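> sequence? don't have it. structure:
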């Protein structure tokens, strides 16, 4: 029988958002679920799907509170970890870390959701441009920040996009290493890759794949409710339940956080050269197979 080589943590990541040391003190359970993404790739949607599968279609759950972002440095781990330890349900946790900055457990199930980087930036810009002073204060002024503060974005989304591409994820965190690290372990038995575009194309089919991966048997009587509660319209209507602090960090509240849920908004805005440069860099940084999956969802 072939021996599995499990990923090992090799470094810590700190910035205005991250404190990767939280994972060093986290105690895994046998049925933990870790939802891993680069930001604005469908994280909240996947958290909603996990919650619906675990709780069999129950309505109006406090998903944001139930599924914390473990490596977000606020609140500090002294507050966050005891709260997570007290959870009695099957835990479904969120991370935006690359694999080598994470404590990876053979006990847990990991789901990584990918999205075309251009769509990521368009969603991220909405998130960043509508952030209010409470957001900046929490990220920049809370004790423990390592590195420079996060600053307000430019008025021009194309400038924002080019800066993100030129500086690899600026002003958030590196993009290519995040995607590359999860792609590299996609064949491990406790890792499942899913793609935003595929969820848009066939949400029922993709949810069933997630349920199979998590060893959750779907109750046929609850299937319609699960699908309804995972729809964009439902999540938009009930966004206060899904968004951190009910959307208090954004102008427009939770409706701003769950914005449009669509792809391709960049197509009529970026130049042909802009788009081709992204595609070239995608292949250079990820290889052809991973780049094709990231931009199309095709494995």
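Cool, the structure landed. Owing to the predicted nature of the structure, the values given are computational and were not obtained by experimental measurement.

> Look up the pLDDT of residue 233 for me, please.
Residue 233 carries a pLDDT value of 89.

> List the contacts of the residue lying closest to residue 116 once chain neighbours are set aside.
Among residues not flanking residue 116 along the chain, residue 295 sits closest, at 4.9 Å (Cβ to Cβ, 6 or more residues apart in numbering). (C-beta placed from N, C-alpha, C; glycine too.) Neighbour list for residue 295: 116-117, 279, 282 [criterion: Cβ atoms under 8 Å, 6 or more residues apart in numbering].

> Repeat that for residue 106.
By Cβ under 8 Å, 6+ apart, the contact list for residue 106 reads 4, 6, 190.

> go on, residue 161?
By Cβ under 8 Å, 6+ apart, residue 161 lies in contact with 118, 121-122, 125, 266, 270, 274.

> rerun at 7 Å
121, 270 (Cβ atoms under 7 Å, 6 or more residues apart in numbering).

> What separation is there between it and residue 273?
For residue 161, the distance to residue 273 equals 12 Å [Cβ to Cβ, to the nearest Å].

> Equivalent analysis for residue 64, please.
The gap separating residue 64 from residue 273 is 39 Å, by Cβ to Cβ.

> okay, those two: which has more neighbours?
More crowded of residue 64 and residue 273, by other Cβ atoms under 10 Å: residue 64, with 23 against 8.

> Could you say which helix or strand holds that one?
Applying DSSP states H and E as the criterion places residue 64 in helix 63-66.

> Please name every helix or strand in contact with that helix.
Packed against helix 63-66, as judged by 3 or more Cβ pairs under 7 Å, 6 or more residues apart in numbering; DSSP states H and E, are the following elements: helix 43-54, helix 239-242.

> could you give the mean pLDDT of the longest one?
Which is helix 43-54. Mean predicted confidence for helix 43-54 is 96.

> Likewise for stretch 124-136?
94.

> Can you tell me the number of residues neighbouring residue 189?
The local packing of residue 189 (other Cβ under 10 Å) involves 9 other residues.

> Which residue, other than its chain neighbours, is closest to it?
Nearest residue to residue 189 in three dimensions, chain neighbours excluded: residue 4, at 7.4 Å (Cβ to Cβ, 6+ apart).

> Provide the secondary structure category for that neighbour.
Classification of residue 4 using DSSP: H, G, I helix; E, B strand; the rest coil returns coil.

> where's it relative to residue 43, distance?
In terms of Cβ to Cβ, residue 4 sits 27 Å off from residue 43.

> The two: who's more crowded?
residue 43 (21 against 9).

> Not counting sequence-adjacent ones, nearest residue to that one?
With sequence-adjacent residues excluded and distances taken as Cβ to Cβ, 6+ apart, residue 43 is closest to residue 37, at 4.5 Å.
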